[in-house]
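Chemist: dropping a prediction and its sequence here:
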Amino acid sequence: MIARLILQTVVWLIGMGALLFGAAGTLAWPAAWWYLIEVGGLSLGIGLWLARHDPGLLAERLAPIVQRQQSRWDRLFMVGVALVWCGWLILMALDAMRLRWSAPLPVALVSLGSLCVFLCLFICYLVFKANSYAAPVVKIQTGRGHKVIDSGPYALVRHPMYGAALLLFVGTPLLLGSWWGLAFVPVLVAGIGWRAVREERVLAAELDGYADYMTRVRFRFVPFVW
(Lines give C-alpha, C1' and ligand atoms only; values in the text may rest on other atoms or scores of the structure.)
Protein backbone atom coordinates (compact mmCIF):
# COMPACT_ATOMS: atom_id res chain seq x y z
CA MET A 1 0.00 0.00 0.00
CA ILE A 2 2.92 2.34 0.64
CA ALA A 3 4.11 1.82 -2.93
CA ARG A 4 0.64 2.73 -4.17
CA LEU A 5 0.61 5.82 -1.94
CA ILE A 6 3.94 7.01 -3.31
CA LEU A 7 2.92 6.30 -6.90
CA GLN A 8 -0.38 8.16 -6.61
CA THR A 9 1.29 11.08 -4.86
CA VAL A 10 3.95 11.34 -7.57
CA VAL A 11 1.37 11.11 -10.37
CA TRP A 12 -0.79 13.72 -8.64
CA LEU A 13 2.15 16.11 -8.23
CA ILE A 14 3.28 15.61 -11.83
CA GLY A 15 -0.26 16.35 -13.00
CA MET A 16 -0.52 19.54 -10.97
CA GLY A 17 2.96 20.59 -12.03
CA ALA A 18 2.10 20.05 -15.69
CA LEU A 19 -0.97 22.26 -15.34
CA LEU A 20 0.82 25.00 -13.42
CA PHE A 21 4.06 25.19 -15.37
CA GLY A 22 2.40 24.46 -18.71
CA ALA A 23 -0.06 27.33 -18.29
CA ALA A 24 2.68 29.57 -16.86
CA GLY A 25 4.91 28.88 -19.85
CA THR A 26 7.99 28.60 -17.65
CA LEU A 27 9.61 26.45 -14.99
CA ALA A 28 11.08 29.55 -13.33
CA TRP A 29 8.26 29.92 -10.82
CA PRO A 30 9.61 29.40 -7.28
CA ALA A 31 6.20 29.79 -5.63
CA ALA A 32 4.75 26.92 -7.65
CA TRP A 33 7.72 24.69 -6.84
CA TRP A 34 7.32 25.44 -3.14
CA TYR A 35 3.56 24.81 -3.35
CA LEU A 36 4.12 21.36 -4.86
CA ILE A 37 6.84 20.54 -2.33
CA GLU A 38 4.73 21.67 0.63
CA VAL A 39 1.52 19.96 -0.44
CA GLY A 40 3.25 16.84 -1.69
CA GLY A 41 5.57 16.46 1.28
CA LEU A 42 2.88 16.98 3.92
CA SER A 43 0.37 14.76 2.09
CA LEU A 44 2.92 11.97 1.77
CA GLY A 45 3.82 12.31 5.44
CA ILE A 46 0.18 12.00 6.48
CA GLY A 47 -0.24 9.03 4.15
CA LEU A 48 2.75 7.24 5.68
CA TRP A 49 1.33 7.90 9.13
CA LEU A 50 -1.99 6.38 8.02
CA ALA A 51 -0.20 3.35 6.57
CA ARG A 52 1.11 2.63 10.06
CA HIS A 53 -1.83 3.66 12.23
CA ASP A 54 -4.97 3.30 10.06
CA PRO A 55 -4.39 1.34 6.83
CA GLY A 56 -8.15 0.94 6.36
CA LEU A 57 -8.62 4.70 6.09
CA LEU A 58 -5.59 4.99 3.82
CA ALA A 59 -7.17 2.44 1.50
CA GLU A 60 -10.33 4.57 1.40
CA ARG A 61 -8.30 7.72 0.69
CA LEU A 62 -6.47 6.00 -2.19
CA ALA A 63 -9.65 4.61 -3.74
CA PRO A 64 -11.09 6.16 -6.96
CA ILE A 65 -13.15 9.32 -6.59
CA VAL A 66 -16.02 7.61 -8.41
CA GLN A 67 -17.36 4.42 -6.78
CA ARG A 68 -20.39 2.17 -7.07
CA GLN A 69 -21.51 2.89 -3.49
CA GLN A 70 -21.88 6.61 -4.20
CA SER A 71 -25.07 8.38 -5.11
CA ARG A 72 -25.18 9.64 -8.69
CA TRP A 73 -25.08 13.26 -7.50
CA ASP A 74 -21.82 12.67 -5.61
CA ARG A 75 -20.21 10.97 -8.60
CA LEU A 76 -21.03 13.97 -10.75
CA PHE A 77 -19.84 16.31 -8.02
CA MET A 78 -16.46 14.60 -7.71
CA VAL A 79 -15.90 14.68 -11.47
CA GLY A 80 -16.88 18.35 -11.44
CA VAL A 81 -14.46 19.05 -8.59
CA ALA A 82 -11.59 17.49 -10.53
CA LEU A 83 -12.36 19.60 -13.60
CA VAL A 84 -12.82 22.82 -11.63
CA TRP A 85 -9.60 22.21 -9.67
CA CYS A 86 -7.64 21.79 -12.91
CA GLY A 87 -9.20 24.92 -14.37
CA TRP A 88 -8.42 26.87 -11.20
CA LEU A 89 -4.75 25.92 -11.31
CA ILE A 90 -4.56 26.96 -14.96
CA LEU A 91 -6.26 30.29 -14.19
CA MET A 92 -3.77 31.07 -11.42
CA ALA A 93 -0.79 30.17 -13.60
CA LEU A 94 -2.04 32.37 -16.43
CA ASP A 95 -2.74 35.19 -14.01
CA ALA A 96 0.45 35.08 -11.96
CA MET A 97 3.01 34.24 -14.64
CA ARG A 98 2.06 34.10 -18.32
CA LEU A 99 -0.33 37.08 -18.59
CA ARG A 100 0.56 38.77 -15.27
CA TRP A 101 -2.89 40.21 -14.66
CA SER A 102 -2.09 40.42 -10.94
CA ALA A 103 0.61 42.63 -9.50
CA PRO A 104 3.14 40.69 -7.39
CA LEU A 105 1.79 39.99 -3.92
CA PRO A 106 3.69 41.19 -0.83
CA VAL A 107 5.94 38.59 0.75
CA ALA A 108 3.79 38.67 3.88
CA LEU A 109 0.72 37.54 1.92
CA VAL A 110 2.67 34.82 0.12
CA SER A 111 3.95 33.59 3.49
CA LEU A 112 0.40 33.69 4.85
CA GLY A 113 -0.67 31.53 1.93
CA SER A 114 1.99 28.94 2.76
CA LEU A 115 0.87 28.98 6.41
CA CYS A 116 -2.75 28.42 5.38
CA VAL A 117 -1.76 25.40 3.28
CA PHE A 118 0.18 23.96 6.22
CA LEU A 119 -2.73 24.52 8.63
CA CYS A 120 -5.14 22.89 6.19
CA LEU A 121 -3.10 19.71 6.05
CA PHE A 122 -2.46 19.73 9.80
CA ILE A 123 -6.21 19.88 10.43
CA CYS A 124 -6.66 17.03 7.96
CA TYR A 125 -4.19 15.01 10.04
CA LEU A 126 -6.28 15.73 13.16
CA VAL A 127 -9.41 14.67 11.26
CA PHE A 128 -7.86 11.37 10.20
CA LYS A 129 -6.64 10.78 13.74
CA ALA A 130 -10.19 11.19 15.08
CA ASN A 131 -12.24 9.68 12.25
CA SER A 132 -11.33 6.39 10.61
CA TYR A 133 -14.28 6.80 8.22
CA ALA A 134 -13.17 10.06 6.57
CA ALA A 135 -13.48 8.76 3.01
CA PRO A 136 -13.33 11.24 0.10
CA VAL A 137 -16.70 10.05 -1.22
CA VAL A 138 -20.14 10.17 0.40
CA LYS A 139 -21.11 6.63 1.42
CA ILE A 140 -21.91 4.54 4.48
CA GLN A 141 -19.00 2.21 5.19
CA THR A 142 -21.01 -0.68 6.61
CA GLY A 143 -18.19 -3.16 6.11
CA ARG A 144 -15.94 -1.10 8.38
CA GLY A 145 -18.49 -0.57 11.17
CA HIS A 146 -19.22 3.05 10.26
CA LYS A 147 -20.36 5.09 13.25
CA VAL A 148 -20.78 8.72 14.24
CA ILE A 149 -17.59 10.48 15.33
CA ASP A 150 -18.01 13.39 17.75
CA SER A 151 -14.52 13.74 19.21
CA GLY A 152 -11.52 15.84 18.21
CA PRO A 153 -12.38 18.45 15.56
CA TYR A 154 -15.83 16.88 15.19
CA ALA A 155 -16.73 18.21 18.62
CA LEU A 156 -16.48 21.74 17.18
CA VAL A 157 -17.87 21.43 13.63
CA ARG A 158 -19.62 18.71 11.64
CA HIS A 159 -17.29 18.92 8.63
CA PRO A 160 -13.78 19.86 9.84
CA MET A 161 -12.14 18.75 6.57
CA TYR A 162 -14.33 21.16 4.64
CA GLY A 163 -13.37 23.84 7.13
CA ALA A 164 -9.73 22.98 6.48
CA ALA A 165 -10.38 23.19 2.73
CA LEU A 166 -11.30 26.86 3.19
CA LEU A 167 -7.70 27.46 4.30
CA LEU A 168 -6.41 25.66 1.21
CA PHE A 169 -8.71 27.68 -1.05
CA VAL A 170 -7.35 30.94 0.37
CA GLY A 171 -3.76 29.83 0.82
CA THR A 172 -3.21 28.44 -2.68
CA PRO A 173 -3.80 31.67 -4.65
CA LEU A 174 -1.94 33.73 -2.06
CA LEU A 175 1.08 31.45 -2.25
CA LEU A 176 0.97 31.35 -6.06
CA GLY A 177 0.43 35.10 -6.31
CA SER A 178 -2.95 35.23 -8.04
CA TRP A 179 -5.69 37.70 -7.15
CA TRP A 180 -7.92 36.12 -9.81
CA GLY A 181 -7.47 32.77 -8.13
CA LEU A 182 -8.53 34.33 -4.85
CA ALA A 183 -11.58 35.91 -6.52
CA PHE A 184 -12.71 32.43 -7.57
CA VAL A 185 -12.72 31.12 -3.98
CA PRO A 186 -16.43 31.90 -3.29
CA VAL A 187 -17.38 29.50 -6.10
CA LEU A 188 -15.33 26.73 -4.46
CA VAL A 189 -16.83 27.48 -1.05
CA ALA A 190 -20.35 27.38 -2.47
CA GLY A 191 -19.58 24.00 -4.04
CA ILE A 192 -18.44 22.31 -0.85
CA GLY A 193 -21.24 24.01 1.09
CA TRP A 194 -23.77 22.42 -1.29
CA ARG A 195 -22.10 19.05 -0.91
CA ALA A 196 -22.05 19.29 2.90
CA VAL A 197 -25.82 19.81 2.99
CA ARG A 198 -26.43 16.86 0.64
CA GLU A 199 -23.99 14.70 2.60
CA GLU A 200 -25.77 15.44 5.86
CA ARG A 201 -29.07 14.29 4.37
CA VAL A 202 -27.48 10.94 3.51
CA LEU A 203 -25.85 10.54 6.90
CA ALA A 204 -28.96 11.58 8.84
CA ALA A 205 -31.07 9.08 6.91
CA GLU A 206 -28.65 6.13 6.89
CA LEU A 207 -26.20 6.45 9.81
CA ASP A 208 -27.53 5.77 13.29
CA GLY A 209 -27.07 8.69 15.65
CA TYR A 210 -26.11 11.29 13.05
CA ALA A 211 -29.37 13.24 13.31
CA ASP A 212 -28.80 13.56 17.07
CA TYR A 213 -25.20 14.60 16.45
CA MET A 214 -26.43 17.43 14.22
CA THR A 215 -28.52 18.80 17.07
CA ARG A 216 -25.52 18.74 19.42
CA VAL A 217 -22.96 20.25 17.03
CA ARG A 218 -24.62 23.20 15.34
CA PHE A 219 -21.97 24.46 12.95
CA ARG A 220 -20.78 22.85 9.73
CA PHE A 221 -17.47 24.50 8.76
CA VAL A 222 -16.51 27.30 11.13
CA PRO A 223 -17.67 27.67 14.77
CA PHE A 224 -20.18 30.50 15.28
CA VAL A 225 -20.25 31.24 11.53
CA TRP A 226 -21.87 28.33 9.63
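Modeler: Everything's here; your move.

Chemist: use CA for all of it now, contacts and neighbours both
Modeler: Fine.

Chemist: show me what contacts residue 176?
Modeler: 31-32, 35, 92-93, 96, 110 (Cα atoms under 8 Å, 6 or more residues apart in numbering).

Chemist: let's see it at 7 Å
Modeler: Contact analysis of residue 176 by Cα atoms under 7 Å, 6 or more residues apart in numbering lists 31-32, 96.

Chemist: by neighbour count, which of those residues wins?
Modeler: Within these, most neighbours by other Cα atoms under 10 Å means residue 96, with 23 neighbours.

Chemist: thinking again about what came up before, among the contacts of residue 176, name the ones in helices.
Modeler: 31-32 (DSSP state H).

Chemist: pLDDT value on the residue most central in space within the chain, please?
Modeler: For the chain, residue 165 is the residue whose C-alpha lies nearest the centre (Cα atoms, centre = their mean; 5.0 Å). On the pLDDT scale, residue 165 is placed at 97.

Chemist: that one sits in which helix or strand?
Modeler: Element membership of residue 165 [criterion: DSSP states H and E] is helix 160-176.

Chemist: just give me the neighbour total for the residue lying closest to residue 192 once chain neighbours are set aside.
Modeler: Computed as Cα to Cα, 6 or more residues apart in numbering, the closest residue to residue 192 that is not its neighbour in sequence is residue 162, at 6.9 Å. The local packing of residue 162 (other Cα under 10 Å) involves 21 other residues.

Chemist: from now on call the first residue 44
Modeler: Shifting the count to begin at 44 puts that one at residue 205.

Chemist: surely residue 205 and residue 264 touch.
Modeler: Yes: between residue 205 and residue 264 a contact is recorded at 6.2 Å, counting by Cα atoms under 7 Å.

Chemist: residues contacting the closest residue to the residue nearest to the centre of the chain other than its chain neighbours?
Modeler: For residue 208, ignoring the flanking residues on the chain, the nearest one in space by Cα to Cα, 6+ apart is residue 163 at 6.3 Å. Listed by Cα under 7 Å, 6+ apart, the contact set of residue 163 reads 207-208, 210-211.

Chemist: how does it look with 10 Å?
Modeler: For residue 163, the contact set (Cα atoms under 10 Å, 6 or more residues apart in numbering) comprises 82, 157, 203-212, 214.

Chemist: same thing with residue 119?
Modeler: 109, 113.

Chemist: cool, residue 171 as well?
Modeler: 89, 92-93, 96-97, 100-101, 165, 177-178, 195-196, 204 are the contacts of residue 171 under Cα under 10 Å, 6+ apart.

Chemist: if we go to 7 Å?
Modeler: Here residue 171 is in contact with residue 177 (Cα under 7 Å, 6+ apart).

Chemist: circling back to that earlier point, look up how far residue 185 lies from the residue nearest to the centre of the chain.
Modeler: Per Cα to Cα, to the nearest Å, residue 208 is found 26 Å from residue 185.

Chemist: then residue 244?
Modeler: Residue 244 is 17 Å from residue 185, where distance means Cα to Cα.

Chemist: again, but for residue 236
Modeler: 25 Å.

Chemist: please apply the same query to residue 155.
Modeler: Counting by Cα to Cα - residue 155 and residue 185 are separated by 41 Å.

Chemist: those two: which has the busier surroundings?
Modeler: Neighbour count, other Cα under 10 Å: between residue 155 and residue 185, residue 155 has more, with 17 against 9.

Chemist: surely residue 180 meets residue 105?
Modeler: No: the pair residue 180 / residue 105 is not scored as a contact, 11.0 Å apart, by Cα under 7 Å.
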